[in-house]
Structure formats: C-alpha cells, structure tokens
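**Q** Fold the following.
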Amino acid sequence: MSAPAPAPAPVRTPAATYARDVRVTWWYTASSILFLHVFAVFMWALVVVLRGTTLDIVLVLIGAAGSVASGVLLLIHYRREPLDDGDDSARRPVWTLVLLGVASAVVLGIGAGSVLLAAALAAQALCTVRWRGGIRVRLVALMLVIVIAVWVIEATRLSPDGYISLTFALPLFATMLAPLTATSLWWWDIVRELDRARRAEGRLAAAQERLRLAGDLHDLQGHHLQVIALQLELAEKMMGRDPDAAVEQVRAARASVDEARRGTRDLAARFRGVPLPDELANAADLLRAAGLTVDLLVDTEADRAAADVLGPVVRESTTNVLKHGGGVSASLSLARHEGAWVLVVENDSRGAASPVGDGAGLSGIAERVGSVGGTVDATRLGDRFRVTVRVPEEVSA
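**A** All right, here's what the predicted structure looks like:
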C-alpha cells in the first residue's frame with residue numbers, strides 16, 4: 001500500500017539533531033581543510049603554469065594531483081579511525097598514504113622550484129595522522145619551526161630573486177597549512193569525544209534503570225516470598241491440631257501470592273512506561289550504535305500517542321531491523337495523519353530476505369495493533385522495506 005501523506009509539523013528530536021550536527025561538523029572540518037589544501041596547490045600551480053617550463057608544469061600537475069588525493073584519503077582514514085588510543089587492532093595502516101603525500105609534495109616542490117612548498121605539504125600530510133598522546137602538539141610545533149626555517153633560507157639564500165620569495169602571502173599561507181589542519185582535526189576530535197560521551201551517558205542511564213528495577217524486584221519478591229514461606233510453615237505446624245487455622249494460613253499465603261503477582265505486574269508496567277518520544281530516540285540510538293545511519297522525525301505532541309501500544313511496536317520493529325535488515329540506513333517517524341497516529345519504520349535490506357524474518361514479528365505487531373482498531377502495512381520498495389502502523393488517535397496514551 002502507498003505510504004501516508006506527509007504529516008504536519010514533524011520535528012527532529014534532540015538526539016537526532018545532535019547526531020546530525022556531529023556529521024555536519026565533520027563535513028565542515030574536512031571541507032575546510034581540503035579547501036585550504038587545494039587553494040594553496042592551485043595558486044602555486046597557477047604561478048608555475050604562467051611562468052614555468054613544460055617539464056615544470058607536468059611535475060606540478062602530477063604532484064598536485066597526488067597531494068590532493070593523499071589529503072582526501074588521509075581525511076577519510078582519520079574519520080574512520082577509532083578514538084581509543086589503546087585499540088591497536090582497530091587501527092588501519094596509514095603510512096602508505098603519508099608516503100604518497102610526502103612524495104607528491106616533493107614532486108610538486110621540484111616542479112615549482114620551491115623547497116618551502118614541499119616542506120609545507122609534507123608537514124600537512126604528517127599532521128593529518130591521529131598521533132597518540134601529546135605527540136601531535138610537539139609535531140606541529142616542530143613542523144612549524146622547520147617550515148619557517150625553510151622559508152627564511154629559501155627567501156634569503158636559495159632563490160632571493162625568485163618569484164615565490166617575493167610574494168609574502170602565498171608562502172605564509174603554505175606555512176600555516178600544517179597548524180591549521182592539526183587544530184581543525186583537534187576540534188573534530190573534541191566533538192567526536194563529546195558524541196561518544198553522550199552515547200555512553202545514555203547506556204549508563206539505561207543500565208542504572210535496569211539496576212533500579214532489579215533492586216525493586218528483589219525487594220518486592222523477597223518480602224512476599226518470606227511472608228509466604230512463614231505462612232506455609234505455620235500452616236504445616238497447625239495442620240494436625242487445628243486444621244481450620246491451617247487452612248486460613250494457606251488462604252493467606254495464596255493472597256500473598258496474588259499480591260506479589262500484582263506488585264510485579266505494576267512494577268513491570270512502570271518500567272515499560274517510557275514516553276514514546278524517548279522510546280523512538282532510544283531505538284534510533286540503538287540502530288546508530290549498530291552502524292546504521294538513522295533519520296528520526298517525531299511529532300511535537302507524540303507524548304499523547306498510545307505508548308502502551310506503539311512502544312512495543314517500536315521495540316519489535318527495531319529488533320527486526322537489527323536481526324534481518326542487513327542494510328546501512330533506516331528511518332523512523334511518528335506523526336498524526338487523518339485522525340490516526342502513523343508510525344513508519346523503513347530500512348534498506350540486503351538480499352531477498354524479509355527484514356522481519358518469517359513473519360512472526362509482523363504477526364505480533366498486527367495482533368497488538370489490531371486489538372485497538374489499528375492497521376499494519378508492510379511494503380517493499382526496491383531494496384527498501386517499510387512498515388506502516390496506524391493507531392486511532394482516540395486510543396489513550
């Protein structure tokens with residue numbers, strides 16, 4: 001069946017907005033570094049093209065292409081490398097890319113006739129590596145001193161009358177490539193660390209809630225079981241001499257069992273009573289932790305939807321995506337449309353297998369939603385699988 005029309009006024013939850021901001025921060029950081037790199041290479045190459053020989057132009061073009069390619073690959077590597085310094089097994093080889101960057105910088109410097117350009121681009125390649133501890137700060141300082149020294153030597157001794165040495169802005173721009181790259185990546189590391197701390201905080205909150213539930217359940221069951229044991233022991237002792245009193249104790253024990261059952265049910269209901277927006281945010285975080293790219297859209301009044309009906313549906317759908325989807329992206333949305341709350345869970349799936357296995361997941365969802373007059377639609381659109389759940393708006397939260 002066709003998907004519902006776009007719902008009015010959906011908004012991103014704070015968790016989804018934060019995750020999107022982290023991605024935007026990376027693209028801004030990477031694009032800024034690449035822009036500075038390409039701009040420096042382009043301006044220097046332009047001078048050589050206008051005034052250099054054919055051999056110089058060929059060397060500059062080859063060096064420029066290799067330098068930019070190395071910069072792009074180093075940034076991709078940097079983005080994917082884990083933050084944990086102690087996780088050596090997860091680190092990827094990077095020195096081949098650094099060697100490509102340094103070699104390209106040397107070729108470009110030979111073509112441009114500038115040791116400064118070669119030193120600046122080589123320093124930038126070294127500063128695009130995720131160094132451990134305080135190595136990065138010392139490396140940046142060392143590279144800056146070396147590049148400035150090369151600049152002074154080139155301007156005063158090697159080519160005092162050269163066109164590069166007479167231009168102040170271009171050598172200064174090249175000199176600042178390494179520190180600007182290092183500080184930009186340092187800023188990205190801070191944002192990424194904050195994102196990791198936010199995720200850890202969410203997991204810690206969930207663990208604390210489980211511990212609280214376990215403690216409450218232990219206290220509740222321990223109390224009732226102790227009372228029941230005493231009542232049954234008393235009934236056993238009174239069975240021979242006062243059967244009627246023994247029967248009363250058995251009845252009291254049975255009442256204690258009923259009370260324990262009600263208390264357990266109420267405790268479970270309180271634990272599961274998570275607001276629906278939080279339920280969706282938790283599901284999105286779980287999918288992101290599994291490596292999926294998740295888009296989350298939630299109506300501003302989603303807390304008025306039937307959480308006792310849609311909450312289990314969200315959990316079941318999330319489990320199905322993790323177990324049977326096998327894709328790289330998913331989306332969750334909840335909005336009001338034509339008198340009903342509409343929950344849409346969509347993900348890409350690899351292969352022909354259904355993202356909900358043999359249909360047991362859909363059957364359970366359909367049974368739960370159908371009991372309140374709702375409907376469930378499952379549709380495959382190419383490699384996308386979409387589950388649409390509609391629950392009447394009059395069903396209370």
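**Q** Number of residues surrounding Arg212?
**A** 11 (other Cβ atoms under 10 Å). Every C-beta, even on glycine, is put in place using the N, C-alpha and C of the backbone.
**Q** hey, where'd the strands end up in the protein?
**A** 10-11, 293-299, 329-337, 340-348, 375-381, 384-392 (DSSP state E).
**Q** Any chance of those strands in JSON lines with mean pLDDT, mean neighbour count and distance to Ser184 as columns?
**A** JSON lines is the format used below for the strands of the chain (pLDDT from 0 to 100; neighbours: other Cβ atoms under 10 Å; distance: least, Cβ to Cβ, whole Å):
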{"stretch": "strand 10-11", "mean pLDDT": "40", "mean neighbour count": "15", "distance to Ser184": "31"}
{"stretch": "strand 293-299", "mean pLDDT": "87", "mean neighbour count": "20", "distance to Ser184": "24"}
{"stretch": "strand 329-337", "mean pLDDT": "88", "mean neighbour count": "21", "distance to Ser184": "28"}
{"stretch": "strand 340-348", "mean pLDDT": "89", "mean neighbour count": "23", "distance to Ser184": "32"}
{"stretch": "strand 375-381", "mean pLDDT": "86", "mean neighbour count": "15", "distance to Ser184": "40"}
{"stretch": "strand 384-392", "mean pLDDT": "88", "mean neighbour count": "20", "distance to Ser184": "36"}
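**Q** can these go into TSV with extra columns for distance to Ala246?
**A** Formatted as TSV, those follow (distance: least, Cβ to Cβ, whole Å):
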stretch	distance to Ala246
strand 10-11	64
strand 293-299	58
strand 329-337	56
strand 340-348	54
strand 375-381	53
strand 384-392	51
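**Q** Spatially nearest residue to the residue nearest the centre of the chain (excluding sequence neighbours)?
**A** Note on the chain: the residue nearest the mean C-alpha position is Arg288, at 4.8 Å, using Cα atoms, centre = their mean. Sequence neighbours aside, Val294 is the residue nearest to Arg288 in space, at 5.2 Å (criterion: Cβ to Cβ, 6 or more residues apart in numbering).
**Q** in the sheet, who's paired with the one you found?
**A** The bridge-partner assignment for Val294, based on DSSP bridges, gives Ala330.
**Q** close enough to count as contact, it and Ala281?
**A** No. The criterion here is Cβ atoms under 8 Å, and Val294 misses it with Ala281 at 10.2 Å.
**Q** The stretch 251-397 of the chain: helices as residue ranges?
**A** Taking DSSP state H, counting those that start in this stretch, the helices of the stretch 251-397 of the chain run over residues 276-289, 307-320, 360-370.
**Q** tell me, which of these is the model least confident about?
**A** Across these, helix 360-370 has the smallest mean pLDDT, namely a mean of 75.
**Q** Verify the stated contact: Leu121 with Ala105.
**A** Yes. Using Cβ under 8 Å, Leu121 is in contact with Ala105, at 3.5 Å.
**Q** the more surrounded of those two?
**A** A count of neighbours by other Cβ under 10 Å puts Leu121 above the other of Leu121 and Ala105, at 32 against 25.
**Q** gap between that one and Ala307?
**A** Separation of Leu121 from Ala307 (Cβ to Cβ, to the nearest Å): 57 Å.
**Q** same thing with Val49?
**A** On the measure of Cβ to Cβ, Val49 and Ala307 end up 66 Å apart.
**Q** now Gly215
**A** 24 Å.
**Q** And for Val106?
**A** Distance of Val106 to Ala307, given as Cβ to Cβ: 63 Å.
**Q** Which residues does stretch 181-189 contact?
**A** Contacts to stretch 181-189, defined as Cβ atoms under 8 Å, 6 or more residues apart in numbering, come from residues 25-26, 29, 32-33, 36-37, 78, 83, 124, 127-128, 130, 136, 139-140.
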